[in-house]
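# After the sequence you'll find the predicted model.
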Amino acid sequence: VNPHTHQVKLCDFGSAKVLVKGEPNISYICSRYYRAPELIFGATEYTTAIDIWSAGCVLAELLLGQ
């Protein structure tokens, strides 16, 4: 976060894909520290909720200053 402009930059879309309902996905995705619980337990059918979980982890780090 740029403290002067309050701009946030997102990066690393290397694992980005279109989620198709009913199509299996890989469960080993996302950095360990930001991995949603369903991925930890090996789910292969998931939604964009895994991205919300990861964003929440990043937000928590920002708020805690870690």
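Received, thanks.
# just checking, Ser15 touches Tyr28?
No: using CB atoms under 8 Å, Ser15 makes no contact with Tyr28, being 10.2 Å away. Backbone N, C-alpha and C define where each C-beta goes, glycine included.
# Tell me which stretches of the protein form helices.
Assigned by DSSP state H, the helices in the chain fall at 37-40, 49-64.
# Send me the shortest one as CSV with only the CA atoms.
The C-alpha atoms that make up helix 37-40 are tabulated as CSV, following Å, rounded to 0.1, in the frame of the first residue of the first chain:
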residue,chain,number,x,y,z
PRO,A,37,-9.4,-24.4,4.8
GLU,A,38,-11.1,-26.3,2.0
LEU,A,39,-7.9,-26.4,0.0
ILE,A,40,-5.9,-27.6,3.0
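# distance between that helix and the chain's centre?
Relative to its chain's centre, helix 37-40 lies at 11 Å (CA atoms, centre = their mean, to the nearest Å).
# Show residues contacting it.
Residues outside helix 37-40 that contact it (CB atoms under 8 Å, 6 or more residues apart in numbering): Ser27, Tyr28, Ile29, Cys30, Tyr46, Ile50, Trp53.
# And the residue nearest to the first one when sequence neighbours are not counted, how close does it get to Leu59?
Counting by CB to CB, 6 or more residues apart in numbering, the nearest residue to Ser27 once its immediate chain neighbours are dropped is Gly42, at 4.6 Å. Applying CB to CB, to the nearest Å, the value for Gly42 to Leu59 is 26 Å.
# likewise Thr47?
Taken as CB to CB, the span from Thr47 to Leu59 is 19 Å.
# same deal with Ile52?
10 Å.
# ok, now which ones touch the closest residue to Thr47 other than its chain neighbours?
Leaving out its chain neighbours, the residue that sits closest to Thr47 by CB to CB, 6+ apart is Leu19, at 6.7 Å. Counting by CB under 8 Å, 6+ apart, Leu19 touches Asn25, Tyr46, Thr47, Thr48.
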